[in-house]
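Visitor: no letters, just coordinates:
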C-alpha cells in the first residue's frame, strides 16, 4: 500500500493542488520554514500507512497548512480497493456534515446583505413554522409563572407520548445556526420526535420547501434555547437561504461561494467530468445499513451499500446543507483559508472579518454542548474550543472545527495560523483516525506562532 502514499507529498510540495492553470493555487513551503519538522511529519505518513495495512481504513488523505502555505499533503492507500485505484490528490469525498459550515457561511452572507437579524423568529420568513409545538415526552410539561416546570420528564415517558404544548418561545435564526432550535435528526435516537421524523421521511428525496413544510407539522423535541441538540436545523438554513435570496440553495452556493472561491468540484453530486474521481464508500464489516448503531460482525471494512452513494452520483431533489455536499481536499482547503483570512481569499471577499469573528465565538453561554464535550462550545456553524485543558487534547483556545459522518475532519487554529484537513470514506465511521491525525500534526510542530 505504501507505494501509493509517496506521490502526494512530492507533487504537493512542488505543484500545490494545481489541476489547471486557471486559478491561483495555494502555495507550498518547506516545513522547517513554517516551524515544523519534516522528520516528524513523516511519522504521520508512517502511522496512516500502518492503518491502511491493518485494515482500519482503505484510503485517505491528510493536509496541513501553516501561514498560508501547504507544509504537508499526503495520500494513503486506495480510493477504490476493489478496482485497485490508488488514492489521488484530486479524489472527491462525501463530506457529510462538513457541509454545515458552508451553509452557515451562505446564510451569514445574507445577514450581511441585511436580509435578517439573528434573533428574528424563523417564522417571520417561513410561515410553515408559525404554529410549532413541543413534545411533552421530551421537553417536559408546561412552564409555570415563576419560570420553573411543574413536572419534568425525560425521553421515553410513554404516558406523555402524543401530548404537545406551546414552546416557551419560538426558535430564532440564531437557534438554527447553533443547534438550539429544539429540533432533532431522527436517525441518532428513538424518542417520540425521532420516530415522527422517520415516519415523515424527512431526509428523503424532497425539495427543501417540501422538507420545511413537513417539518413544520411535527413537534420540537425541546424548548428552543433550552439545550444544544444536533439536528436538521442546518437543512432549514438551506431553505431559508432560498427564501431570502430568491434562488435555489444549490445555485446560491455556486454563484456566491463555489465559483468565487474556485471550489470547482464542490457540489451536491458528481458530473461527467469528475465522477471517476469519487472515492469508494466503505462500512465496518457486517454493519446493518438500516441501523446506524448496529455492531460490526468482523474486522476491517467492506463496500458500503449502494444507496449510501446514490444521491451523490445520480442526484436528487434534496439539497442538504446539513450533509449533502461532495468536495476535494483542494476545495475545502480554499474554503478554510478564506475563513482563516477573515473572510477573503485571493482578493475575493466572502464575509467581513467581524462576521467571521461572530461565527467562531461561542454562542452557548453556560449551556453545555452535546457529545459530553467539556471545554468546547458552539458558534454559528462551527464547534469552538474554549479551553484545551478541559477538552483534554492538544489544541488552542479559539480553534473552530467540524467533521463528517464518513470520518472527514477539519480544524482551523487562528492562534497558530494552522489548518488541518483529514479525508477518509467509511460510514458509520468508527475510528479515531481524525483525532490521531490532529495529535500527530501538533506533535510535528517545532515552533509556536509568534504574535
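Guide: Happy to help now that I have it. These figures come from a predicted structure and were not determined experimentally. Numbering: from 1, shown residues only.
Visitor: mind listing the helices in the stretch 201-350 of the chain by residue range?
Guide: Using DSSP state H, counting those that start in this stretch, the helices of the stretch 201-350 of the chain run over 208-215, 233-245, 249-253, 307-314, 329-340.
Visitor: which elements pack onto the last one?
Guide: Secondary-structure packing of helix 329-340 (3 or more C-beta pairs under 8 Å, 6 or more residues apart in numbering; DSSP states H and E): strand 59-66, helix 99-112, strand 344-345, strand 409-413, strand 418-424. In this view, the C-beta of every residue, glycine as well, is placed from N, C-alpha and C.
Visitor: each with direction, which strands does the shortest one pair with?
Guide: So that's strand 344-345. Strand 344-345 pairs in its sheet with strand 348-349 (antiparallel), by DSSP bridges.
Visitor: pull the residues that contact the strand it pairs with.
Guide: 260, 261, 338, 343 (C-beta atoms under 8 Å, 6 or more residues apart in numbering).
Visitor: need the helices of the stretch 201-350 of the chain in JSON lines with mean neighbour count, mean pLDDT and distance to residue 114, can you?
Guide: Output for these, formatted as JSON lines (neighbours: other C-beta atoms under 10 Å; pLDDT from 0 to 100; distance: least, C-beta to C-beta, whole Å):
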{"stretch": "helix 208-215", "mean neighbour count": "19", "mean pLDDT": "98", "distance to residue 114": "22"}
{"stretch": "helix 233-245", "mean neighbour count": "24", "mean pLDDT": "98", "distance to residue 114": "10"}
{"stretch": "helix 249-253", "mean neighbour count": "21", "mean pLDDT": "98", "distance to residue 114": "16"}
{"stretch": "helix 307-314", "mean neighbour count": "15", "mean pLDDT": "91", "distance to residue 114": "34"}
{"stretch": "helix 329-340", "mean neighbour count": "23", "mean pLDDT": "98", "distance to residue 114": "22"}
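Visitor: so which of those is nearest residue 68?
Guide: helix 329-340 (6.7 Å; C-beta to C-beta).
Visitor: quick one, the closest one and helix 99-112 angle?
Guide: 40 degrees (axes from the mean of the first three to the mean of the last three C-alpha atoms, to 10 degrees).
Visitor: quick one: helix 329-340 to strand 418-424, angle?
Guide: Using the same axes, to 10 degrees: helix 329-340 against strand 418-424 is 150 degrees.
Visitor: is it true that residue 102 touches residue 261?
Guide: No - using C-beta atoms under 8 Å, residue 102 is not in contact with residue 261; the gap is 10.1 Å.
Visitor: still on that earlier bit, could you dump the helices and strands packed on helix 329-340 into CSV with mean pLDDT, distance to residue 228 and mean neighbour count added?
Guide: Listed next are these as CSV, based on pLDDT from 0 to 100; distance: least, C-beta to C-beta, whole Å; neighbours: other C-beta atoms under 10 Å:
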stretch, mean pLDDT, distance to residue 228, mean neighbour count
strand 59-66, 98, 29, 28
helix 99-112, 98, 14, 23
strand 344-345, 98, 30, 19
strand 409-413, 98, 19, 23
strand 418-424, 98, 24, 26
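Visitor: returning to what we had before: can you lay out the helices of the stretch 201-350 of the chain as TSV showing distance to residue 422?
Guide: Listed next are the helices of the stretch 201-350 of the chain as TSV, based on distance: least, C-beta to C-beta, whole Å:
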stretch	distance to residue 422
helix 208-215	30
helix 233-245	21
helix 249-253	23
helix 307-314	19
helix 329-340	9
